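Q: Next input, structure requested:
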Amino acid sequence: IVPWNAPAVLLARGIGPALAAGCTTVIKPAAQTVLFNAAFLGPLLHDPRLPAGVVNVFAETGHDGARLLASSPNVDMICFTGSTAVGKDIMRSAADTMKKLSLELGGKSCAIVLADADIDAVAPKLAAAATIITGQQCTAVRRVLVHRSKLDAMKRALTQALQALTVGNGLDAASRIGPLIDPTSRDRVAAMIDRACNEADDVLLRGRSLEGAGAFLTPTVVHHQDTSAFFMQEEIFGPFVTIESFETEAEAVARANDTIFGLSASMWTNDGAAGLRMARALRNGTVWINAHNTLFAEAETGGYRQSGIGRLHGYDALADFTELKHIYQAPGVVGRGEARG
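A: Model (predicted):
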């Protein structure tokens with residue numbers, strides 16, 4: 001079950017290990033990208049080396065077909081990337097058949113910036129990581145945790161970096177932030193951001209919808225210390241990022257882990273030992289050091305807690321599409337006297 005935000009990559013990383021493991025597949029693309037997925041899959045479906053019926057595709061505007069896949073006893077495994085709420089629905093539907101699940105779900109990815117980091121160098125990278133696919137990526141930076149001694153510098157630098165990103169049509173080479181997937185999503189995200197701005201300690205940059213065609217929304221960044229605020233806990237799937245400060249490594253780790261999610265995080269420091277030490281303490285499936293959103297087909301990715309179960313990419317991706325079996329054969333020949341050595 002493929003989402004709309006990265007329809008090529010997210011389809012390939014699911015169907016690849018499935019076919020490699022010898023499975024037949026049924027693909028349900030998102031309604032928003034069904035034409036793209038059809039064009040993307042066309043060469044595969046018509047490849048004479050692939051037997052008919054190994055790869056199957058259907059499209060729908062609702063969810064009835066997806067529910068049938070999740071509940072059917074004829075389906076052994078579901079691979080889904082999307083929201084945590086829908087992931088939970090799939091788990092409920094799949095419970096009666098106890099089928100295997102690979103779920104990559106929501107995230108609230110944080111970037112922890114230690115006192116020794118060069119804020120002016122780091123801020124543009126964080127701005128890019130926060131606005132990848134206009135913030136419509138589960139691993140996008142949502143929270144920036146910075147040492148208190150660098151808080152003011154980060155406020156200034158990140159605000160300037162986000163302001164410098166041009167919002168516009170993706171076919172324009174000058175554009176760095178494109179539209180949200182559709183006006184409905186833009187309006188929902190904008191409403192959440194407006195509420196967050198009204199509750200935040202400090203609004204550093206307030207985004208706005210652009211006039212004219214396209215679901216465009218400029219970035220927002222706020223400073224807030226209370227991790228229980230809704231916008232510190234809930235995934236806002238758009239160009240929205242928060243800044244908070246910490247005093248010690250222990251506080252930074254505690255703040256970063258104060259969430260139901262655990263998909264990804266990043267450490268920013270020149271102290272390699274500190275970066276590795278804190279990366280091990282973070283409850284996330286992926287932790288980058290001095291980078292963010294650096295993904296490899298060879299390296300497994302997936303989440304802790306309510307960011308999902310199972311792994312995609314890498315060798316372990318095959319495990320979700322296979323079953324382990326123990327076969328024991330006794331030595332000797334049945335019914336032929338003593339067993340031969």
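Q: the helices in the stretch 201-341 of the chain, which residues?
A: Shown for the stretch 201-341 of the chain, the helices assigned by DSSP state H, counting those that start in this stretch span residues 230-233, 249-257, 272-281.
Q: Just put those in CSV and tack on mean pLDDT.
A: Listed next are the helices of the stretch 201-341 of the chain as CSV, based on pLDDT from 0 to 100:
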stretch, mean pLDDT
helix 230-233, 97
helix 249-257, 98
helix 272-281, 97
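Q: Is it possible to get a markdown table of those that adds distance to residue 297 and mean neighbour count?
A: (Glycine included, C-beta is placed from N, CA and C.) A markdown table is the format used below for the helices of the stretch 201-341 of the chain (distance: least, C-beta to C-beta, whole Å; neighbours: other C-beta atoms under 10 Å):
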| stretch | distance to residue 297 | mean neighbour count |
| --- | --- | --- |
| helix 230-233 | 32 | 17 |
| helix 249-257 | 27 | 18 |
| helix 272-281 | 22 | 15 |
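Q: Go through those helices and name the closest to residue 117.
A: Closest approach to residue 117 among these (C-beta to C-beta): helix 272-281, 10.2 Å.
Q: outside of the closest one, which residues touch it?
A: 112, 114, 249, 252, 253, 257, 265, 267, 269, 287, 289, 290 (C-beta atoms under 8 Å, 6 or more residues apart in numbering).
Q: Quick one: residues contacting the second one.
A: Taking C-beta under 8 Å, 6+ apart as the definition of contact, the neighbours of residue 114 are 147, 252, 267, 268, 269, 271, 274, 275.
Q: Now do the nearest residue to residue 263 once chain neighbours are set aside, the pLDDT please.
A: Counting by C-beta to C-beta, 6 or more residues apart in numbering, residue 263 lies nearest to residue 107, which is 3.3 Å off, once chain neighbours are set aside. pLDDT for residue 107: 95.
Q: hmm, back to that, identify whichever of the helices of the stretch 201-341 of the chain lies nearest to residue 213.
A: helix 230-233 (28.6 Å).
Q: And for the closest one, what's in contact with it?
A: Identification of contacts with helix 230-233 by C-beta under 8 Å, 6+ apart yields 108, 143, 192, 195-196, 199-200, 222, 224, 226-227, 240, 242, 244, 259-260.
Q: And for stretch 15-35?
A: 1-4, 7, 11, 36-38, 41, 53-61, 65-66, 69, 75-77, 79, 181-182, 312, 317-318, 320-322.
Q: same thing but at 7 Å, please
A: For stretch 15-35, contacts defined as C-beta atoms under 7 Å, 6 or more residues apart in numbering pick out 1-4, 7, 11, 37, 53-61, 65-66, 69, 181-182, 317-318, 321-322.
Q: Tell me which of the helices of the stretch 201-341 of the chain approaches residue 298 most closely.
A: That would be helix 272-281 among the helices of the stretch 201-341 of the chain, by C-beta to C-beta, at 19.1 Å.
Q: pull the CA atoms of that closest one into CSV?
A: Extracted in CSV, the C-alpha atoms of helix 272-281 (Å, rounded to 0.1, in the frame of the first residue of the first chain):
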residue,chain,number,x,y,z
GLY,A,272,32.6,12.0,17.5
ALA,A,273,32.5,10.3,20.9
ALA,A,274,29.6,12.4,22.1
GLY,A,275,27.7,11.9,18.8
LEU,A,276,28.0,8.1,19.0
ARG,A,277,27.2,8.1,22.7
MET,A,278,24.0,10.1,22.3
ALA,A,279,23.0,8.3,19.1
ARG,A,280,23.0,5.0,21.1
ALA,A,281,20.7,6.6,23.7
